[in-house]
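Engineer: Sequence plus predicted model, see below.
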Amino acid sequence: MKKVTKAQLQPSFRQKDLISVNSFIGFCQKYDIGTTKDELEYFEKEGLLYPVVRVNRGLVEYKRVLADYDGKGSEEWRFIPKEHIARAKKQYKFKEIDKATTYGHGSILSGSDNWLDWYVKHSLAIFPARTKFKEWSSYRSNQTWATKPKKLGYDYETFYTPYQIYPLQFIQSRRSLTIKNAGLYKTPEEWVNRGKQIKEMYTQDISNDFIRQKIVDYYKLFNFINDLEELWEYRQLDLARFYEEAVKGYDGKQKDAVDDLRHRENVLDNELKPKAEKLLTKHNISIDYLENWRFTFLGFGTFGLRIKVMTLRKPYLKTIEEETLANTEQPYKIVYLINWLIKLVGGKETTIKELILGFSGKYCPYCQSPFEPIRTTQITCGSDACKRAHENELKRQKRKSGLYRS
């Protein structure tokens, strides 16, 4: 198996989608994927799951100001950014301004389309997949305020993309928790204090190289999904503008505007078909490839893909609108977009519900991902890593049987 480089493990992302490590942990918990900062740090150290970026909060100059801030006659000292002093003077009655300058950490303005560009331009961003690993504690300052910048130190925020929940779950599934000398812990207190002795708690049941290759497969798909989302958002913005103008044209009559909107959807999709085909070519992705991946994401949704559970939930699923599924949970949104693209380029039209209810229950023996076989002889989920793993397994079997002996 070809060795994966660190550059290949740089996650694909859209700047507006990036979320802090705390938000990422919370997002994972929504889908019953438990993780911690310690675990994420460990996976970065192992070269398996790198954060997208770390952003330096920078330094802000503050002045300590004594004033009546609530207008009730009670004065108190507060820190105000130096650049906001002139504006604050107009709002509050300043009694005294400390001559000394105090330094604090700035805030990160994330969430816009290109917010990260400013931090990269000013050398305030670090991409962990391109740098040597350092303990996470070295990126955090233990000072909130300081009279000198050097005493304050630097403070970084770590960012992930929500899509990394999927490779995270895969990594967790290929690790087994082992506790050395577990029989020595006789009391609850001993178990509580065992952390230092089992800090590195994960042992491998398959190689890191295989895991990394599988993660590269994930990132290849997410790079495509990011572009697909851009295409979808372009479509939705066009339709929103069209509908707004249509309602005006019909003097606020929404029914007539909706009829025109449906026609516009068909016209626009025909216009977007060449762009969708270019996306597939750009990323070297086939329809079969996308069809296989859908089941990986469906397994993360509320309804899952386990046959026993599906039997119980089937009546509920039938009552839910397709758009509701797509707009409620990220895994279903991904499948919804893939279905839209497949239909756009002339593939088989299907829905999220049809895929869930029609799932046969087959799982890849190498990564445990659910998939619907396209051929009766299909063994793996179809990802590059798993196909190679299967090919290597067949070679091992042949060598063992003596077929490769000279």
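Structural biologist: Received the coordinates, thanks.

Engineer: Sketch out the low-pLDDT regions of this protein for me.
Structural biologist: 1, 176-205, 306-311, 360-361, 402-406 (pLDDT under 70).

Engineer: In it, which residue is most central in space?
Structural biologist: residue 162 (2.0 Å; CA atoms, centre = their mean).

Engineer: That one and residue 31, how far apart?
Structural biologist: To residue 31, residue 162 is 10 Å away according to CB to CB, to the nearest Å. For glycine as for every other residue, the C-beta is placed from the backbone atoms N, C-alpha and C.

Engineer: hang on, the earlier thing: wait, the residue nearest to the centre of the chain touches residue 25, no?
Structural biologist: No: counting by CB atoms under 8 Å, residue 162 stays clear of residue 25, with 11.5 Å between them.

Engineer: Contact partners for residue 124?
Structural biologist: Residues near residue 124 by CB atoms under 8 Å, 6 or more residues apart in numbering: 55-56, 58.

Engineer: Got a PyMOL select line for the buried ones in these?
Structural biologist: Selection of buried members from the contacts of residue 124 for PyMOL, criterion 16 or more other CB atoms under 10 Å:
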select buried, resi 55+56
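
Engineer: Nearest to residue 156, out of the contacts of residue 124: which one, please.
Structural biologist: residue 56 (5.4 Å; CB to CB).

Engineer: Could you check how far the closest residue in space to the closest one that isn't next to it in sequence is from residue 58?
Structural biologist: Leaving out its chain neighbours, the residue that sits closest to residue 56 by CB to CB, 6 or more residues apart in numbering is residue 124, at 4.1 Å. Applying CB to CB, the value for residue 124 to residue 58 is 6 Å.

Engineer: and what of residue 81?
Structural biologist: The spacing between residue 81 and residue 58, counted by CB to CB, is 12 Å.

Engineer: same check, this time on residue 303
Structural biologist: 45 Å.

Engineer: Kindly report the same for residue 337.
Structural biologist: Using CB to CB, residue 337 is found at 36 Å from residue 58.

Engineer: Residue 218 contacts residue 165, correct?
Structural biologist: No: at 10.3 Å, residue 218 does not count as touching residue 165 under the criterion of CB under 8 Å.

Engineer: Need the residues that contact stretch 276-293.
Structural biologist: The contact list for stretch 276-293 (CB under 8 Å, 6+ apart) reads 220-221, 223-224, 227-228, 231, 338, 341-342, 344-345, 347, 371-372, 374, 381-383.

Engineer: Between the two ends of it, how far is it?
Structural biologist: End-to-end distance of stretch 276-293 (CA to CA, to the nearest Å): 18 Å.

Engineer: buried set for it?
Structural biologist: Buried residues in stretch 276-293, counting neighbours by 16+ other CB under 10 Å, are found at 276, 279-280, 283, 285, 289-293.

Engineer: Likewise for stretch 267-277?
Structural biologist: Buried residues in stretch 267-277 (16+ other CB under 10 Å): 272, 276.

Engineer: Please apply the same query to stretch 353-365.
Structural biologist: Counting neighbours by 16+ other CB under 10 Å, one finds that the buried residues in stretch 353-365 are 353, 355-356, 359, 362, 364.

Engineer: of these, closest to residue 90?
Structural biologist: The closest of the buried residues of stretch 353-365, once distances to residue 90 are taken by CB to CB, is residue 353, at 58.6 Å.

Engineer: So that closest one is in contact with residue 321, correct?
Structural biologist: No: using CB under 8 Å, residue 353 makes no contact with residue 321, being 9.4 Å away.

Engineer: Relative to the host helix or strand of residue 77, what are the paired strands and their orientations?
Structural biologist: Per DSSP states H and E: residue 77 is located in strand 76-81. Strand 76-81 has the following strand partners under DSSP bridges: strand 59-68 (antiparallel).

Engineer: Now the partner strand: buried residues?
Structural biologist: Buried-residue list, strand 59-68, by 16+ other CB under 10 Å: 59-60, 62-65, 67.

Engineer: just stretch 97-116 next, same as before
Structural biologist: Residues of stretch 97-116 classed as buried by neighbour count (16+ other CB under 10 Å): 102-105, 108, 110, 116.
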